[in-house]
Every structure is written in structure tokens, then in C-alpha cells.
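# Generate coordinates for the sequence data below:
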Amino acid sequence: MRKEKRKLQARLGKFLMHIKIFLGLSIIFSLFMLFILIYLEKKKYMLESEVARYEKNPINARVENIQKDATHFNKDLKDFNENLPKQKWSSLLVDLSTLERKGIILKQITHAKEKIKNKDKNSLDDSFRFIDKLTMSGHAQTRGNLSAFKENLEASPLFKNIVLPLSNFEKSENIDFNLILELQ
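Got it, this is the predicted structure:
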């Protein structure tokens, strides 16, 4: 029985030694993790302080606003350039001003790109192309003035497919009109 008691005490001693080692390592690991946590909290505090100083600086706020404005401006400019007709507006308006427009007052000219499917029967893909369309609205003194203006547009090398609805010819005088045409 004494032998068994000694064996049991030896086992119990080993077990307690393992527990002491485990607890010692746990304490060391906990202290290590505590130091890391303190270090990270200090870094966090330093970064938050730096961000707060940056945000309080009025120059940085103005720079950010200027950057946002520049980004929006560049996007708007890109959209504008993508929607311009192939011709420049200035040359288009100069050429349009040379057309005879007796009795015609143009009030508005708008531009749009229309996506249409290519009509190439030999093509295997469903490709598309874009055409530039202008919508003109204005006022004509007489039906004859409006008809002559349409004929001048048709004779111009700048435009094609001029659509002037018949409803524009209902009145004989003081006609508000809208017409749609494509740029060549």
C-alpha cells in the first residue's frame, strides 16, 4: 500500500508541476498580450490625434472640397465631350448661320446621341453605332418661311433626314415649330 501511496503522490506531484507550468506560461502569455494591447491602444490614440489635427486644419478641408469639385467638374466635362457631335459646335453654328432663314427665329437647339443597330447584313455581331441628332425649335412668320427653311436644311451638306411634322403647317402664320435632323 505504501508503494501505491508513493506512486499516487508522485503522480499528484507531477500533475501539480504541470499545473504550475501551465499557470506560469498563461501568466507570461497574458502579460505579453497586455503589453501588445497597451502598445496598440497607444498607436490608436496617436493616429486619432493626428486625424483630429488634420480634420481641424481648414486648409485640408478646403483642399478636399477643391478635389471634390475638380472630380465633379472632370466628370461633367467628360460627359459633355462624349455627347458633343463630331463637329465642333462653333463651326456648326457658323455654318447654320449662313443658311437663309428669312422669317425664322431659332429659339433652341439641342443635341442627343442615338444608339442604332448596324444594318450590315454580313455582320455576325449585334454591333451598334451612334448618330448625332439635333432638335431645333423656333418661330416662323409664315408657312412659306418654314417650308423654305426646311428646303435650305435639306440642301445643306451638314444635315440629313430632316423631320418636320405636318402639325407644324396647320397654321399659316406665327408658327411655333420643332424639327429633328441628323448631322452628316
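# Show me the residue sitting in the middle of this structure in space.
Centroid-nearest residue in the chain, with C-alpha atoms, centre = their mean: residue 75, separated by 6.5 Å.
# Need the residues that contact the helix or strand in which residue 94 is found.
Counting by DSSP states H and E, the element that carries residue 94 is helix 89-98. If you take C-beta atoms under 8 Å, 6 or more residues apart in numbering as the criterion, helix 89-98 is touched by 85, 109, 156, 158, 183. No exception for glycine: its C-beta is placed from N, CA and C like everyone else's.
# tell me, how many neighbours does the nearest residue to residue 149 once chain neighbours are set aside end up with?
Leaving aside its chain neighbours, residue 149 sits nearest to residue 104 (4.8 Å; criterion: C-beta to C-beta, 6 or more residues apart in numbering). Using other C-beta atoms under 10 Å, residue 104 has 21 other residues around it.
# again with residue 153
Count around residue 153 with other C-beta under 10 Å applied: 20.
# Wait, it touches residue 181, no?
Yes. Using C-beta atoms under 8 Å, residue 153 is in contact with residue 181, at 6.3 Å.
# Any chance you could list residues touching both of these two?
159, 162.
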